[in-house]
Every structure is written in structure tokens, then in C-alpha cells.
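Asker: one predicted model, sequence on top.
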Amino acid sequence: MRAMGRHHEIEKQYIRYEGRKGRFIWLAGVMTLILGVTGLALGPGDISFRELLAVLTGGGDQLHQGIIFQIRFPRVLAGIMSGIALSVSGVVMQSVLRNPLGSPFTLGISNAAAFGAAFAIIVFGAGSMYSSSADAVMIANPLMVTASAFVWSLVACFLILFVARRRGATPENMILTGIIASSLFTALTTGLQYVADDVELAAIVFWTFGDLSKGGWNELLLQVVILVPIMVYFYRNRWNYNALDAGDETARSLGVNISRLKLAGMVAASLATAAVVSFYGIIAFVGLVVPHMVRRVTGGDERFLIPGAALAGAAFMTGCDIVARTIISPMVLPVGILTSLIGAPLFVLLLVKGKGGSQWR
Amino acid sequence: MEMIRLDSVHFSYNGQKVINGVSHFFGQGSFTAIMGPNGSGKTTLIRLMNGILKPQSGNVEVMGRQASGYGARELARQMAYVPQSQYNLFPATVFDTVLLGRNPYITWSPGADDRRITAEILVRLGLDDIALKDINKLSGGQRQRVFIARALAQQPAVILLDEPTANLDLKHQHETLQLLRQLSIDGMTVVVSIHDLNLALKYCSSFMVLDEGLLVAEGGREIFGEELIEKVYRVKVKIIREEENLFILPVEPV
């Protein structure tokens, strides 16, 4: 009888413990919503919250409607989509490689995708340049740009998997491989710059810093089509990623097909990265910092980590974009600069204040 | 009932024979120790039994069916495996770790039954007081118990353990093997690879002795003689018999 009562008690304790993690996910969702609405309200054009509300409910004047629906809405959604994609890709890469330093940026996959996007524009003519200013690029064929970014990101992805298979996915090996991949694709991008004319050069520079103003509704639609199934796949496999975190042999003995899970995880995370980088350029540190921040609250349980990192990533990106748009207004900074400026010291803080033990073994 | 049958199993790494024609069967409720010096093929044999490795020739049958004919999840419901060394990459509670054992049964999310089974196992193994502690912060003995609990959450008919007493102090070594013996008495088939001859002799009911991939002896305690141990381990020993117990005292290397 005592044992029966005790196991009920343990179950209840665990449900309360799960509830605390669930509340964090709700909080991250509410934060994303608040920051998203703030993002819609802020920026050149001076639109009050009342006018914003009027526009969102189908009213408001035409100018405000244009600003909200053609400029700010796509930008805020781009931040949310990119934050989700990069953060969850980081979570999955860290789990698949059993390496806390895995992320699209540190593994060189972002650089590879950026090269692929510039390659499609310049070599295949998937876009056009109409001036040498920073916003000079018009993507005529978003599908081709994404496809090229994906193919080149796969090259980096397979390089990572090859090294991980041959030499083990230790933090040192993965970081060194990431440096090699980044150097390789930076060299290739420099090669493109060497043969490019002034206007093409602007197009290449375009991908070296992340900026959410680059995309529109068409790009967002393509992102949704690519990212929704990938995120569903990742969430579907959250239990399997938990098993992977316990080690390959354990995962296998728990009924997980680890080869398939790892390959599909890395390929899907590379595609998600390509879907962000091909339209907005390289946005660093989101995929590395956000998973570790969320892990502080949810622990390593991927059931909570994946949705938590998705929403926290969305909030982080939206928040960074708001700062980027307002810090030296009316000038708008590329959000990639902000994510690096905020993300790098945050990551150092996480490293220094880390509790040690399992996270960095 | 025959739970696992090895039939002339061969396995090589890079052309070097590691398991050389091993045949054996494991009955229901048996507690078998796989013994032998380093490199004799103990871990490889366990990996062949749970499907991590595939034999290059010969058969491994689990409950009358070829092991390779099982799907990964289906096999995980029949057979659990506790590897020798493991750590969680990121923090995970004891409850989460044991709940993970329900993976072969979970299609979307763990349900009330999965939580109940987990809680029952935690209480049964005396882990209830540390249910919400981080697994990586536990002592070696507690961690080993948690990993056995996770294996039990799979509700398997067979449990395989690779060196379950390695890195444990004397008390935890005995506690771990007592627990495994109880599981076998309850009807589970338990197979361990183990170095400590005296521990194995005290708790296990049947034995397999491997030497360079060959099965050189199998059976009950009666198979152990000074000659066998000297031949396999290259160590002179003295065997002391005291009532039903058998103690092996190492004297010097050969």
C-alpha cells in the first residue's frame, strides 16, 4: 500500500515538474507575441498602437496598410521563422553530433548556404542587381536560390558527418571542421567576388550579413513550405533525440534507428538553415546561444527543448530586429550584426557561468 | 523456454576473428555470466545478441526468431541493454532517464501508463527519493541502478549488461548483482559480461568462458577448476570451496 501511494506521489511530483517546463514554453510564446506586435508598431512611419490595431482589424488608411502589410509584417514573420529554424536546427545538430557546440554557424553550414545563394544569383542568374547599394538584389527565382543554398549546405553537412564518422564528433573535431568549412566557403565566395563586377559584388556582400528586410511574402511562403514539415519531423522525433543524448548504443537498444535519425536530422537542419540564409544572409549565434539558454530552464529534455527553443529563438530574433531598427534610428542595422553582438558575449557568459559537468564534457 | 540461441556465431573486426563459432542458449530466468580476459570477445558477443552487430556467419535467435528479423522497436520490447559506460550529454532527471525506457512503446508522447510504470520501477528500485535529481550528478552506484531501471521500463524478457559492476565500489557491486539475481528469480533472463570471477560465482547461475573468441567452457559452477582459469586468464589461482560457495584466489601470473 505504501509503495502504491509512493508511486502516485512521484508521478504527481513529475507532472508538476513537467508543468514548470510547459509554463516556460507558454511564456516564450507570449514573449514572441508581444515582441511581434511591438515589431509591427515600431519603425519609420510613426504608426501608433491604435492605428496598428485599426490596420490589423481591416481598417486604417492605405499608407499605413502598405507599411504594415508590405514592410513590417513580412519582416516580423521573417524574424520569427528564422529564429525558429536556426534555434531548432542548433538543438538538433547538438543532439545528433552529441556536441554542445553544434550550430549552423559554428559548423560552417551557414557560410556554405550563403555561398550557394550568391552562386545561384551570379552564375545561374537567379536574381538581378539593379544598383550597388546594400539592398540592390532582387531575387527572381527564390526556389533556385534556396536549392543552391541547400546543395552547398549539404556539402558542409556531409563534410561534418564524414569527420564525425571517421574521427568522432568531439567538440574539438567539430569546431575545427567548422573552421575548415567556413574558410573553404569564404574562399569560394571571395573567388566569386574576384570575378564579379561592382553590382555583383554588392550582391555577394548582401549575404555576408543577415538582414530581415531582404525577403517578402513570396520568400516567406517558400520558407513556410520548407520549414513546417521539417519542424514537425523534429518534434515528432523528440523522444528519439532524447535517446540519442543518452548515447548511440543506448538509443539503439531503445529501438531507435540511429543512422537514419542522424542523417535525416543533419540534412533537414541544413535545409532549414539554407531556407533562412538564402533569403536573409548569415545570422550567427542564434542556433548556438538560444538552445543553451533554453536548456537552463527546460534541461536536456527535447520534448520541451524543441518547442522552447523554437519560441525563444523567435522572440530572440524579433527582439534583436527591434533593437536593430531603433538603436540608431532612422538608420536600420542588419539584424545579423545584433545577433552576433548580443550572442557572442551571452555565449561567453554561459561558458563561464556554466555549471560544468555534463554540458561541456 | 529458450530466450536466446547462438548458433555457430562468427564475427571479425578488420579481418581479425573476435567471435569464433560460439553456440549457446539462454533459458528463461537464467542469470548467465560471460567471462574471459580482456579482448576475449565478451562485449562483442553481447552486441551480437542485441543486434548492434550482425554475425558474419551463424545465427542469433531471440525467442525463436532470427534477431535480424525484428524491427528495432520490436526488439527493444523483448530485450534491453545496459552499456558499460554512458553519460547524458545534457542534464536529465532520473525520472526522465527511466521514462526513456518506454521509448519502444511511445508513438507520440508518453501517457499516464508510461509515467505509472516509471514511477513503480523507481519505487521498486529505491530510486524514488532522487526521482527529480540530475542523473549526471549521482554516484556511480546510483547511476547504474538508474540505467537498470531504464532497462526494466522497457518491460523486456531479456536484459543484457556489459560490465555492470565496473567502476563501482564493493557495496554497490554486490547490490547491483543482488538486484539482477532477483530479476532472474522473478523470471527475467539476465546476461552480464563480468571480470570479477568471485562476484560472478556468488550471484550467477550459469557461466560462459571465452578465450580469444572461442567458447572454452560453459555450464554451472562445476566448470571452474584451477586449470581452466590458469589457461584462460594466464594466472595461477587457488580455489577455495566453503560449503556451497567457491572462492578464487589469484596467486601469480603464469
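Answerer: Perfect, thanks for sending it.

Asker: which residues in the stretch 51-200 of chain A form helices?
Answerer: Ranges of helices in the stretch 51-200 of chain A, per DSSP state H, counting those that start in this stretch, are A:62-66, A:73-96, A:109-122, A:142-167, A:171-195, A:198-206.

Asker: what is the burial count for whichever residue of chain B sits closest to chain A?
Answerer: Residue nearest to chain A within chain B: residue B:90 (2.7 Å; Cβ to the nearest Cβ). Using the backbone N, CA and C atoms, a C-beta is placed for each residue, glycine as well. Burial measure for residue B:90: 24 neighbouring residues, criterion other Cβ atoms under 10 Å in any protein chain shown.

Asker: hmm, residue A:298 and it touching each other?
Answerer: No. Assessed by Cβ atoms under 8 Å, residue B:90 is found out of contact with residue A:298, at 9.7 Å.

Asker: tell me the buried residues in stretch B:73-92?
Answerer: Of the residues in stretch B:73-92, B:73, B:75-83, B:86, B:88-92 count as buried by neighbour count, 16 or more other Cβ atoms under 10 Å in any protein chain shown.

Asker: quick check: the two most widely separated of these?
Answerer: B:78 and B:91 (30.6 Å; Cβ to Cβ).

Asker: strands of the chain, residue ranges please.
Answerer: If you meant another chain, say so; for now it's chain A. A:127-129, A:137-139 (DSSP state E).

Asker: wrong one, I was asking about chain B
Answerer: Taking DSSP E as the criterion, chain B carries its strands at B:2-13, B:16-27, B:31-35, B:57-62, B:65-66, B:79-82, B:158-162, B:189-193, B:206-211, B:214-219, B:235-242, B:245-253.

Asker: for these, which one sits closest to residue B:100?
Answerer: Using Cβ to Cβ, the nearest of the strands of chain B to residue B:100 is strand B:79-82, at 11.4 Å.

Asker: may I have the phi/psi pair for the residue of chain B closest to chain A?
Answerer: phi -120, psi 160 (degrees, to the nearest 10).

Asker: kindly state the pLDDT recorded for the residue of the stretch 201-350 of chain A found nearest chain B?
Answerer: Residue of the stretch 201-350 of chain A nearest chain B, by Cβ to the nearest Cβ: residue A:300 (2.7 Å). At residue A:300, the model reports a pLDDT of 85.

Asker: contacting residues around it?
Answerer: Residue A:300 is in contact with A:242, A:245, A:358, B:88-92, counting by Cβ atoms under 8 Å, 6 or more residues apart in numbering or on different chains.

Asker: with adjacent residues omitted, what lies nearest to it?
Answerer: The shortest distance from residue A:300 to any non-neighbouring residue, by Cβ to Cβ, 6 or more residues apart in numbering or on different chains, is to residue B:90 (2.7 Å).

Asker: longest helix of chain A?
Answerer: Criterion DSSP state H: the longest helix present in chain A is helix A:2-41.

Asker: other SSEs contacting that one?
Answerer: In terms of contacts (3 or more Cβ pairs under 8 Å, 6 or more residues apart in numbering or on different chains; DSSP states H and E), helix A:2-41 is packed against helix A:49-56, helix A:73-96, helix A:286-298, helix A:302-326, helix B:94-99, helix B:112-124.

Asker: of all those, which lies closest to residue A:262?
Answerer: helix A:73-96 (4.8 Å).

Asker: close to chain B: what parts of the stretch 101-250 of chain A are there?
Answerer: Residues of the stretch 101-250 of chain A lying near chain B by Cβ under 8 Å from any Cβ of the partner chain: A:236, A:239-240, A:242-243, A:245-247, A:249-250.

Asker: and residue B:226, how close does it get to residue B:33?
Answerer: Distance, residue B:226 to residue B:33, by Cβ to Cβ, to the nearest Å: 18 Å.

Asker: tell me the pLDDT of the residue nearest to residue A:300.
Answerer: So, for residue B:90, pLDDT stands at 78.

Asker: residue A:30 now?
Answerer: 96.

Asker: grab the nearest non-local neighbour of residue A:327.
Answerer: Spatial nearest neighbour of residue A:327, excluding adjacent residues (Cβ to Cβ, 6+ apart): residue A:333 at 6.6 Å.

Asker: residues in contact with that neighbour?
Answerer: Applying Cβ under 8 Å, 6+ apart, the residues near residue A:333 are A:324-325, A:327.

Asker: filter the residues you listed down to the buried ones, PyMOL style.
Answerer: Selecting only the buried entries of those in PyMOL, with 16+ other Cβ under 10 Å as the criterion:
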select buried, chain A and resi 324+325
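
Asker: not counting its neighbours along the chain, what's nearest residue 253?
Answerer: If you meant another chain, say so; for now it's chain A. residue B:81 (3.6 Å).

Asker: was after chain B, sorry
Answerer: Of all residues not flanking residue B:253 in the chain, residue B:235 sits nearest, at 5.4 Å (Cβ to Cβ, 6+ apart).

Asker: surely the one you found and residue B:229 touch.
Answerer: Yes. Assessed by Cβ under 8 Å, residue B:235 is found in contact with residue B:229 at 6.8 Å.

Asker: tally of neighbours for the residue of the stretch 51-200 of chain A found nearest chain B?
Answerer: Closest residue of the stretch 51-200 of chain A to chain B, Cβ to the nearest Cβ: residue A:98 (5.1 Å). Using other Cβ under 10 Å, residue A:98 has 24 neighbouring residues.

Asker: could you do the one 4 residues further on as well?
Answerer: Neighbour count of residue A:102, defined by other Cβ under 10 Å: 30.

Asker: and the nearest residue to it once chain neighbours are set aside, what is it in contact with?
Answerer: Distance criterion Cβ to Cβ, 6+ apart; nearest residue to residue A:102, sequence neighbours excluded, is residue A:93 at 3.7 Å. Neighbour list for residue A:93: A:99, A:102-104, A:107, A:265-266, A:269, A:287 [criterion: Cβ under 8 Å, 6+ apart].
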